[in-house]
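Peer 1: Would you be able to build a 3D model of this:
(2 chains)
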Number of protein chains: 2
Amino acid sequence: MRLATLQDGTKDGRLVVVSPDGTRYAPAPVATLLDLLDNWTAQAGALAAIDRFEHDLDPAALLAPLPRAWQWLDGSVYPSHGELMDKALAIEPFKPDWPPMYQGVSDTFYGPNADVPMASEDLGIDFEGEFGIIVDEVPMGTSADEAHAYIRLVVQINDWSLRKLAGPEMRSGFGWLQAKPPCGMAPFAVTPDELGDAWRNGRPAMHLRVDWNDRQFGNAYGEPMAYGFHELIAHAARTRRLAAGTVIGSGTVSNPEYREVGSSCIAERRGIEIVDTGAPITDFMKYGDTVQMEARTADGRSPFGVLKQKVVQP
Amino acid sequence: MRLATLQDGTKDGRLVVVSPDGTRYAPAPVATLLDLLDNWTAQAGALAAIDRFEHDLDPAALLAPLPRAWQWLDGSVYPSHGELMDKALAIEPFKPDWPPMYQGVSDTFYGPNADVPMASEDLGIDFEGEFGIIVDEVPMGTSADEAHAYIRLVVQINDWSLRKLAGPEMRSGFGWLQAKPPCGMAPFAVTPDELGDAWRNGRPAMHLRVDWNDRQFGNAYGEPMAYGFHELIAHAARTRRLAAGTVIGSGTVSNPEYREVGSSCIAERRGIEIVDTGAPITDFMKYGDTVQMEARTADGRSPFGVLKQKVVQP
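Peer 2: Below you'll find the predicted structure:
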């Protein structure tokens, strides 16, 4: 099942079920994705049974599939990314025995085609191509093995970042706040079964192509997460219940072969440049710049559709 | 105006307007506090005009005035607390030129009389007595001077903390996640005008008495915040819009005279013990322990009512 949310003037938008080819939709018998997640077991079957999609889907009318959520927790579990970021930010290497994860802003997820306002061009504007999941209500203390059963939807996320604020906020010990404005989300949220064998052990086995200003920047593979999403759920739920609709991210998709496949954020390319030349060469984004993201399975499917966002002045 | 939320089986509860003495209520003509905050200017006048309170208020029926919010940002702006916590956690002193602030979980604020489940007694269970505000929608880039106008309500918060997880999470640079389960809130949210001269330059000029297991633990004064709440709003909104209903906290209320007035969290008392004897003496909370909080103005009013929560097994 593939879900999207149409603009209707409300903050949560209007939930629709999308055709397998992503071009048509049927209205859902539940108003919003948050409503569906509040009672998934009783309601999801009726949506999954829909097989007539009578309306053309206008990509310009899409909000994020989940335009706002009660909680957004972002991991950072691609080891090659963490190592490069430590170098780029001049942070002491951090080798915890748990998955690094921070709590970010969840009152807004920008739509797939949104113009995204950034406070200043001087703050190191960067994208981060990630995968994410949306969970049902998860009890406190849920184990990783149990956690698979709470994964309702898989999404693709652009975690907007302001790099010049990131280092000082990390050194503060309080974590990121100003460095992490709201994220964007690709058009479609899909159930894990929709991904078929591209969903393996709580990991997305597909490539995420990232284009910056219409030129390919990266095409990293999603599977080599040091922790699967089920393990990220267990980490998040160790001392708290997770509300239905909590979104959990993978962190920037990154592969050890980053010189061949490229990167899913500018900071990682700068990290490579620092390693190679002693200093970064590539600058960050400017107003008017665009980033496009699209994940593809080995058999060429595009489960989440295309995100293309532009950085603009507030 | 003084607002509270009654249990009605829904997650957001039922908004009521509370009498000046805190013992009676009238139903509000708006269903929930989030609904009111979504259209405060058009709706708040009708609530403020209510002067007949026909129902007895049962404290056991209260949820937090805001049972869940789209965002919770907690400052730490009492300098004497920060200095002691650096010592207690063995953290390098951190002297930023901005107000320390982290993003916490907002999908749950426990009610004033809630039993609060904690994952383990071994994690250093602690309370933190704080003040907080609830804002209207705040545009990105709002200045501190402008920010006063967005403060709709003042609240009193118990920021539950798990100290044994706090130090490692700070050192990770990703900030607190497992160390900060959901907070509690005292019964009433009040408009700043309700506080009269106990609201000064964005600061609460009143004492916060904290009792642990029915014995007084602290009675610190709220005014000596290094940054007022208007400055905390400006910090939070530098790179993001704040959704209506965002809650911002002061961090643990603390005074330089902590030896006389006591502390608003156990970690601070342990910090004093470390300074005095080289090691902490006071242990953290155990299952069955209670904490009570009540703020009082100089003329003896209790604007937020009494919070009394008990730590329980999940």
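
Peer 1: Spatially nearest residue to whichever residue of the stretch 151-300 of chain A sits closest to chain B (excluding sequence neighbours)?
Peer 2: Proximity of the stretch 151-300 of chain A to chain B (CB to the nearest CB) peaks at residue A:175, 1.8 Å away. C-betas here are computed from N, CA, C, even on glycine. Nearest residue to residue A:175 in three dimensions, chain neighbours excluded: residue B:175, at 1.8 Å (CB to CB, 6 or more residues apart in numbering or on different chains).

Peer 1: The one you found: how many residues sit nearby?
Peer 2: Residue B:175 has 24 neighbours, counted by other CB atoms under 10 Å in any protein chain shown.

Peer 1: Residue A:303 too?
Peer 2: Quick note: residue A:303 (other CB under 10 Å) scores 25 neighbours.

Peer 1: Quick check: which ranges of the stretch 51-200 of chain A have low pLDDT?
Peer 2: A:88-89 (pLDDT under 70).

Peer 1: how about the helices of it, start to end?
Peer 2: Using DSSP state H, counting those that start in this stretch, the helices of the stretch 51-200 of chain A run over A:79-89, A:144-147, A:163-172, A:192-195.

Peer 1: out of those helices, nearest to residue A:271?
Peer 2: When those are compared for distance to residue A:271 using CB to CB, the nearest one is helix A:79-89, at 3.2 Å.

Peer 1: before we move on, the earlier item: out of the helices of the stretch 51-200 of chain A, which gets nearest to residue B:1?
Peer 2: Across these (criterion: CB to CB), the nearest stretch is helix A:163-172, sitting at 36.3 Å.

Peer 1: For chain B, tell me whether that closest one is touching it.
Peer 2: Yes: for helix A:163-172, a contact with chain B is found by CB under 8 Å from any CB of the partner chain, at A:165, A:168, A:170, A:171, A:172.

Peer 1: List buried residues within the residues you listed.
Peer 2: Buried subset of those (neighbour count, 16 or more other CB atoms under 10 Å in any protein chain shown): A:165, A:170, A:171, A:172.

Peer 1: Could you tell me which other helices and strands the helix or strand containing residue A:310 packs against?
Peer 2: Take DSSP states H and E as the rule and residue A:310 turns out to sit in strand A:307-312. Other helices and strands packing on strand A:307-312, by 3 or more CB pairs under 8 Å, 6 or more residues apart in numbering or on different chains; DSSP states H and E, are strand A:115-117, strand A:151-158, strand A:183-185, strand A:290-296.

Peer 1: circling back to that earlier point, same list (the buried ones among the residues of helix A:163-172 next to chain B) but as JSON lines, adding distance to residue B:27.
Peer 2: Formatted as JSON lines, these follow (distance: CB to CB, whole Å):
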{"residue": "A:165", "distance to residue B:27": "45"}
{"residue": "A:170", "distance to residue B:27": "47"}
{"residue": "A:171", "distance to residue B:27": "50"}
{"residue": "A:172", "distance to residue B:27": "44"}
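
Peer 1: How is residue A:272 classified with respect to secondary structure?
Peer 2: Per DSSP: H, G, I helix; E, B strand; the rest coil, the secondary structure class of residue A:272 is helix.

Peer 1: Residue A:238 - nearest residue in space that isn't next to it in sequence?
Peer 2: residue B:178 (5.2 Å).

Peer 1: hmm, I was thinking of residue A:36
Peer 2: Distance criterion CB to CB, 6+ apart; nearest residue to residue A:36, sequence neighbours excluded, is residue A:30 at 4.6 Å.

Peer 1: What is the three-state secondary structure of the one you found?
Peer 2: Going by three-state DSSP, the state assigned to residue A:30 is coil.

Peer 1: ok, now residue A:280?
Peer 2: coil.

Peer 1: distance of it from residue A:219?
Peer 2: Distance, residue A:280 to residue A:219, by CB to CB, to the nearest Å: 21 Å.

Peer 1: Could you check which of the two is surrounded by more residues?
Peer 2: residue A:219 (20 against 17).

Peer 1: Return the residues of the stretch 101-250 of chain A in contact with chain B.
Peer 2: Where the stretch 101-250 of chain A comes near chain B, counting by CB under 8 Å from any CB, the residues are A:101-108, A:117-119, A:123, A:140-141, A:162, A:165, A:168, A:170-179, A:181-182, A:235-236, A:238-243, A:246.

Peer 1: The residue nearest to residue A:175: what's it in contact with?
Peer 2: Contacts here follow CB atoms under 8 Å, 6 or more residues apart in numbering or on different chains; on that basis residue B:175 touches A:102, A:103, A:173, A:174, A:175, A:176, B:102, B:103, B:169.

Peer 1: Who's the closest spatial neighbour of the first one, skipping the chain neighbours?
Peer 2: Among residues not flanking residue A:102 along the chain, residue B:174 sits closest, at 4.4 Å (CB to CB, 6+ apart).

Peer 1: Verify the stated contact: that neighbour with residue A:104.
Peer 2: No: at 10.5 Å, residue B:174 does not count as touching residue A:104 under the criterion of CB atoms under 8 Å.

Peer 1: list residues touching both of these two?
Peer 2: residue A:176.

Peer 1: ok so, going back, can I get the helices of the stretch 51-200 of chain A in JSON lines including distance to residue A:205?
Peer 2: Converted to JSON lines, the helices of the stretch 51-200 of chain A look like this (distance: least, CB to CB, whole Å):
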{"stretch": "helix A:79-89", "distance to residue A:205": "17"}
{"stretch": "helix A:144-147", "distance to residue A:205": "18"}
{"stretch": "helix A:163-172", "distance to residue A:205": "29"}
{"stretch": "helix A:192-195", "distance to residue A:205": "8"}
